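Colleague: coordinates for the following, if possible.
(chains A and B)
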Amino acid sequence: MRVDCQHLTVALGQDTEIPVLRDVTFEVRSNQLVTVLGPSGCGKTTLLRTIAGLIPATEGRVCLEPAAGDRSSSVLLVFQENSLFPWMTALENAAFGLKAQGVPRPEREAAAHELMRRFGLAGYEHRYPNVMSVGMKQRVAVIRCFLSNPAVMLMDEPFAALDPRTRLTLQEELLWLWERNRGTIVFVTHDIEEAILLSDRILILDKRPGRIVAEIDVPFARPRDAALTLTDEFLALKRQIWSTFDDTLAVRLLRAEGAAK
Amino acid sequence: MKHGRNLAWKLGVPATLLVIWQICAMAGWLHPMFFPPPAAIWRAGMQMVRSGELALNLWTTLTRAFLGFAVGAVPGVALGVWMGRAPKIRLAFEPFFASLNSTPRLVLFPVFMVLLGINDTARVLLVAVGSLTILAMHSLDAVRSVAPGYVELAVNYGYRGWGLFREVYFPACMPRLFTGFRTAIGRALVVEISAELLSSTNGMGSTIWLAWQTFSIDRLYVAVLIVAMLGSAVHESLLFLERRAVPWKA
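Modeller: Next up is the predicted model:
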């Protein structure tokens, strides 16, 4: 499915003077993974929720155009918080999307079980979220989303609350899943390395009001893994992205790297 | 093993008090007319058990209390959920339930006796009104406290209407509903026994009143202890059910 946002302006509540998003236009082609990168408060989450239809656009429009080979027409969100239902076990949470589609219990649980085992969650199937780590919960949330085979996945900083090591593991797992089960993904993050590692293209959002200030194509071949983050090309792209945020910081970063060499 | 230890802690204080009471009674430090020794109370209790009088009165009290609870609980939960989901219904009913909730139940008893006569129907209705009020307020609170994020998540996966209620509202409300059930059943017993004290010829309240009037102090203590244990047993039973119905809160 292709996501086409045209001149989106979104104002929340009474604050119409400075909208959260102003004149945001971009396109995500079918089966592309695009990251929306920006500082806190720049309207990344509002943008996702507008695409999902949870918030109406004040101006402009969101077009979701089906593409040949789409498995469904659904648009699913992966949230940063409250991502799992506390009254369901990990397995029930993972299979929730399939249950919503009417898949019989044995089939949906077998499918969820298989992916949970692949992602190191064997033995946790019948645990409740209150005894699971944040990393485990987010793994289950991502599994649930992929099992439902949506046409578009909207991921709202799903790994933001994780420690760097767990985050890297989950990023690799997400890439593994996506390589095998393509779909259109709009992934919101404030982490530059995460954006480069995951995406085909990065949209950089500035704040008050949120607007796209740069679009950067990520040239690295797939499949990718964490080793990519240590290459010179990766660091060069990271510097380029930093420079779009804050020139002073980019200069300091370049000097520090020069001194280290 | 853990439950056995917990039980030992729970029974420890009353058992110790009974032993101290028995020792003080045997030493002659307590007046036997007002504080008969626990052994005498035990004998009176066994006599009430053998005659079948205790079981009959206990059954009568429990039947009326649980019937009243059931009659009030079903519409109470339904009204609470409705108020939680429909702001205008809440606007119309919440002040009514709030004022009823803070009104002592027994003040309604004379009204029911005038309308229905001095009979079981009046007592059951009095208990039912109490349960209805408590559960309507708890259910309203439960529905309103469901995190919007969970509703949004289920809606995102395509759930609407009854499916949304079954998958999100019902399980999310369970912990608060159980708190409401515990409170309502406890209150149902209190109201029923109080009503029996005032107007009944059977039930535990009536047994207590009759024992006081005939100055059968040992029988009075038996009935009071049974009522106290009854409240505790109902509370523990509901906690047991809650642990099974709401395992994610454990």
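Colleague: who are the packing partners of the helix or strand containing B:Leu140?
Modeller: Taking DSSP states H and E as the criterion, B:Leu140 maps to helix B:120-144. Helix B:120-144 sits against helix B:53-85, helix B:87-101, helix B:109-116, helix B:170-199, with contacts defined as 3 or more CB pairs under 8 Å, 6 or more residues apart in numbering or on different chains; DSSP states H and E. For glycine as for every other residue, the C-beta is placed from the backbone atoms N, C-alpha and C.
Colleague: where in the chain is pLDDT low?
Modeller: By default, I'm working from chain A. For chain A, the stretches with pLDDT under 70 are A:15-16, A:246-261.
Colleague: that's the other chain; I wanted chain B
Modeller: B:1-3, B:250.
Colleague: can you pull the residues of it lying near chain A?
Modeller: B:147, B:149-150, B:152-154, B:156-159, B:163, B:167-168, B:171-172, B:174, B:246-248 (CB under 8 Å from any CB of the partner chain).
Colleague: same thing but at 6 Å, please
Modeller: B:147, B:149, B:156-158, B:171, B:248 (CB under 6 Å from any CB of the partner chain).
Colleague: and these, which of them are buried?
Modeller: B:156-157, B:171, B:248 (16 or more other CB atoms under 10 Å in any protein chain shown).
Colleague: returning to what we had before: and the helices and strands packed on helix B:120-144: which comes nearest A:Glu59?
Modeller: helix B:87-101 (29.7 Å; CB to CB).
Colleague: output the closest one as CSV, nothing but the C-alphas.
Modeller: Only the C-alpha atoms of helix B:87-101 are listed here, as CSV (Å, rounded to 0.1, in the frame of the first residue of the first chain):
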residue,chain,number,x,y,z
PRO,B,87,-22.1,10.7,29.4
LYS,B,88,-25.7,11.8,29.4
ILE,B,89,-26.9,8.8,31.3
ARG,B,90,-24.1,9.4,33.8
LEU,B,91,-25.2,13.0,34.1
ALA,B,92,-28.8,11.9,34.8
PHE,B,93,-28.1,9.0,37.3
GLU,B,94,-24.8,9.7,39.0
PRO,B,95,-26.1,12.4,41.5
PHE,B,96,-28.9,10.0,42.4
PHE,B,97,-26.6,7.1,43.1
ALA,B,98,-24.1,9.3,44.9
SER,B,99,-26.7,10.5,47.3
LEU,B,100,-28.1,7.0,47.8
ASN,B,101,-24.6,5.7,48.4
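Colleague: hey, what's the angle from it to helix B:120-144? Just curious.
Modeller: Angle between the axes of helix B:87-101 and helix B:120-144 is 130 degrees (criterion: axes from the mean of the first three to the mean of the last three CA atoms, to 10 degrees).
Colleague: now do helix B:87-101: distance to the chain's middle.
Modeller: 23 Å (CA atoms, centre = their mean, to the nearest Å).
Colleague: equivalent analysis for stretch B:86-99, please.
Modeller: Worked out by CA atoms, centre = their mean, stretch B:86-99 lies 25 Å from the chain centre.
Colleague: hmm, who's touching that stretch?
Modeller: Identification of contacts with stretch B:86-99 by CB atoms under 6 Å, 6 or more residues apart in numbering or on different chains yields B:82-83, B:133, B:136-137.
Colleague: including neighbour count, could these go into JSON lines?
Modeller: As requested, the contacts of stretch B:86-99 are exported to JSON lines (neighbours: other CB atoms under 10 Å in any protein chain shown):
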{"residue": "B:Trp82", "neighbour count": "17"}
{"residue": "B:Met83", "neighbour count": "24"}
{"residue": "B:Thr133", "neighbour count": "25"}
{"residue": "B:Ala136", "neighbour count": "30"}
{"residue": "B:Met137", "neighbour count": "22"}
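Colleague: and the furthest pair within these?
Modeller: B:Trp82 and B:Thr133 (14.8 Å).
Colleague: do a quick rundown of the strands in the stretch 151-261 of chain A.
Modeller: In the stretch 151-261 of chain A, strands defined by DSSP state E, counting those that start in this stretch lie at A:152-156, A:184-189, A:201-206, A:211-217, listed in chain order.
Colleague: export the ones you listed to JSON lines and tack on distance to chain B and mean neighbour count?
Modeller: As requested, the strands of the stretch 151-261 of chain A are exported to JSON lines (distance: least, CB to the nearest CB, whole Å; neighbours: other CB atoms under 10 Å in any protein chain shown):
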{"stretch": "strand A:152-156", "distance to chain B": "9", "mean neighbour count": "24"}
{"stretch": "strand A:184-189", "distance to chain B": "14", "mean neighbour count": "25"}
{"stretch": "strand A:201-206", "distance to chain B": "22", "mean neighbour count": "21"}
{"stretch": "strand A:211-217", "distance to chain B": "25", "mean neighbour count": "15"}
